[in-house]
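**Student:** here are the coordinates; sequence isn't available:
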């Protein structure tokens, strides 16, 4: 008769397999995978604590691993499009709180509504969906032009007859530099030598004196404002369509924007407060208080990955 030698380990495994057929052993570590029978092998949980696009931090807590083998953590940004990353290049992670960063310049244009984090373990996947409110509206890598308030003091060339008028439609004939008058009409606002801030306006177009028109008659105002009626600063931008109109769903006055450079470093946070008719190609115009006669002399700010963060 042949002798059969069975080790204690083999007997233990056979017994576990018999009583708990779903139990299995991790080949990588030798730890067991918990399937819910309560033998202390772990009860893993995943929690997305917060998500901030400006600081580029998604905080995720993992716990309850017990004797289970660590596993990779994957994060997906979900919307009309999706963006997927593996934390630490797919290396297995255990219990702890982790800060996940996106490579923001590689996140494609689109509106993103949720973040899904998944912890892949030998006992199965643990995941959570985190709702983004407000949604992340990524505009992608876009051009940022600049515009200023034309300053008559730095404009060269001849002068021409022009008119300035007040809120009561009282017109005064004057002289303005020809180039300055044209740039004030194009930009909407200009800083004159004799009359202060002038603004393009149709307010009194029915009361124009002979020779006056929209290109040479300007409203006297006390400050430089955009279409959203706030005094312009270097942190304000102009966009298309007109954010001040009730019919415009996006962008709206007061929307925050985030500009990120190619190295994934925040360049600026700004705010939509003006209308740019020429921005119908998707670019954004950035206000600057630099004194030039024309916006062309200012030059572009550059190309940046941009997101509209809402209000």
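**Tutor:** Done, it's in. Every value quoted in this text rests on a predicted model; they were computed, and no experiment measured them. Numbers count the residues shown, from 1 in each chain.
**Student:** My understanding was that residue 187 contacts residue 149; is that so?
**Tutor:** Yes - with contact defined as CB atoms under 8 Å, residue 187 reaches residue 149; the gap is 6.8 Å. Where C-beta positions appear, they are placed from N, C-alpha and C, glycine not excepted.
**Student:** okay, the two: which has more neighbours?
**Tutor:** residue 149 (23 against 18; other CB atoms under 10 Å).
**Student:** Could you report the neighbour count for residue 272?
**Tutor:** 26.
**Student:** Okay, and the beta partners of it?
**Tutor:** Note on residue 272: beta-bridge partners residue 237, judged by DSSP bridges.
**Student:** thought it was touching residue 250?
**Tutor:** No - counting by CB under 8 Å, residue 272 stays clear of residue 250, with 9.6 Å between them.
**Student:** Overlap of the contact sets of the two?
**Tutor:** Counting by CB atoms under 8 Å, 6 or more residues apart in numbering, the shared contacts of residue 272 and residue 250 are residue 308.
**Student:** Report the contact partners of residue 195.
**Tutor:** With CB under 8 Å, 6+ apart, residue 195 has these contacts: 164, 174, 220.
**Student:** ok, so what distance separates the last one from residue 90?
**Tutor:** Right, the one you point to is residue 220. Noted for residue 220: a distance of 65 Å to residue 90, by CB to CB, to the nearest Å.
**Student:** In terms of neighbours, single out the busier of these two.
**Tutor:** residue 220 (17 against 13).
**Student:** The more buried one belongs to a helix?
**Tutor:** No - in this structure, residue 220 is strand, not part of a helix, as judged by DSSP: H, G, I helix; E, B strand; the rest coil.
**Student:** What residues are bridge-paired with it?
**Tutor:** Going by DSSP bridges, residue 220 forms beta bridges with residue 198.
**Student:** for this protein, longest strand please?
**Tutor:** When the chain is scanned for its longest strand (criterion: DSSP state E), the result is strand 124-147.
**Student:** Report the buried residues of the helix or strand following that one.
**Tutor:** Counting by DSSP states H and E, the next helix or strand C-terminal to strand 124-147 is strand 159-165. Neighbour-count burial for strand 159-165, counted by 16 or more other CB atoms under 10 Å, picks out 162, 163, 164, 165.
**Student:** again, but for stretch 50-60
**Tutor:** 51, 53, 56, 58, 60.
**Student:** swap in stretch 163-178?
**Tutor:** By neighbour count on 16+ other CB under 10 Å, the buried set for stretch 163-178 is 163, 164, 165, 174, 176, 177, 178.
**Student:** With respect to residue 96, which of those is nearest?
**Tutor:** Using CB to CB, residue 177 comes nearest to residue 96 of the buried residues of stretch 163-178, at 65.8 Å.
**Student:** Bridging across strands, which residues link to the closest one?
**Tutor:** Under the criterion used (DSSP bridges), residue 177 bridges to residue 159.
**Student:** and it, how far is that from residue 132?
**Tutor:** According to CB to CB, residue 177 stands 50 Å off from residue 132.
**Student:** One more: residue 67?
**Tutor:** Following CB to CB, the distance that separates residue 67 from residue 132 is 35 Å.
**Student:** same check, this time on residue 46
**Tutor:** Going from residue 46 to residue 132 by CB to CB gives 17 Å.
**Student:** need the contact list for the residue nearest to residue 190 when sequence neighbours are not counted.
**Tutor:** Once flanking residues are discounted, residue 190 sits nearest to residue 184: 3.1 Å by CB to CB, 6 or more residues apart in numbering. Applying CB under 8 Å, 6+ apart, we find residue 184 in contact with 150, 176, 190, 192, 198, 199, 200, 218.
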